[in-house]
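In: Build me a model from this:
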Amino acid sequence: MARRRSRARTRASPEPSSSASADIAWDPDVPAHAQTWMYLFLKGEVLTSFPDSRELRMRQMAWWNGLATPDVRRIDAEKVAIALHRFFRDAMRRPYEAEFERDGFAKSIQALTEVLVVADETVPTLAGVVDRIFRFESEA
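Out: All right, here's what the predicted structure looks like:
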């Protein structure tokens, strides 16, 4: 674990975004945003503050291996997706949104993985998928 943390610290700082992440609100008052960041921070996947994580890309997370083949990267991303699912569904007891009620586990792992495997996707984009999958206390 210490090796992963030191590797993550030496990565380049997030680049300015020209992608859709610049348009995504990144708000600590949005439970999906705050809790996604909290989970990633506590697991050592991100080492930046909440505000500084706005432009953090998947390739800058500790689990990312730049030398991995696409197949290996997908397997690694699925592991992260399963861990996120366990956190939100089992530990936080979040119910699925209507779209994910049927086949929720499989659909949610697929949705999370599709973001995690894209090197330039951002943490807010990942949090947006979490928000699409799970219902939070501030939602009806």
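
In: Verify the stated contact: Arg57 with Pro124.
Out: No. Contact status for Arg57 versus Pro124: not in contact, 10.7 Å apart, counting by Cβ atoms under 8 Å. No exception for glycine: its C-beta is placed from N, CA and C like everyone else's.

In: Neighbour count for those two, which is higher?
Out: Regarding Arg57 and Pro124, a neighbour count based on other Cβ atoms under 10 Å identifies Pro124 as having more, with 25 against 21.

In: Against Ala68, how distant is that one?
Out: 24 Å (Cβ to Cβ, to the nearest Å).

In: For Asn56, grab the count of nearby residues.
Out: Careful, residue 56 is Leu and not Asn. Using other Cβ under 10 Å, the number of residues around Leu56 comes to 24.

In: Going forward, count from 23.
Out: Sure, I'll start counting at 23 from here, so that last one is Leu78.

In: Tell me which residues touch it, please.
Out: Remark: with contacts taken as Cβ atoms under 8 Å, 6 or more residues apart in numbering, Leu78 is in contact with 36, 68, 70, 144-145.

In: Out of those residues, who's the most crowded?
Out: For those, the largest number of neighbours (other Cβ under 10 Å) sits with Val145, at 29 neighbours.

In: wait, isn't it in contact with Glu67?
Out: No. Counting by Cβ under 8 Å, Val145 does not reach Glu67; the two are 9.2 Å apart.
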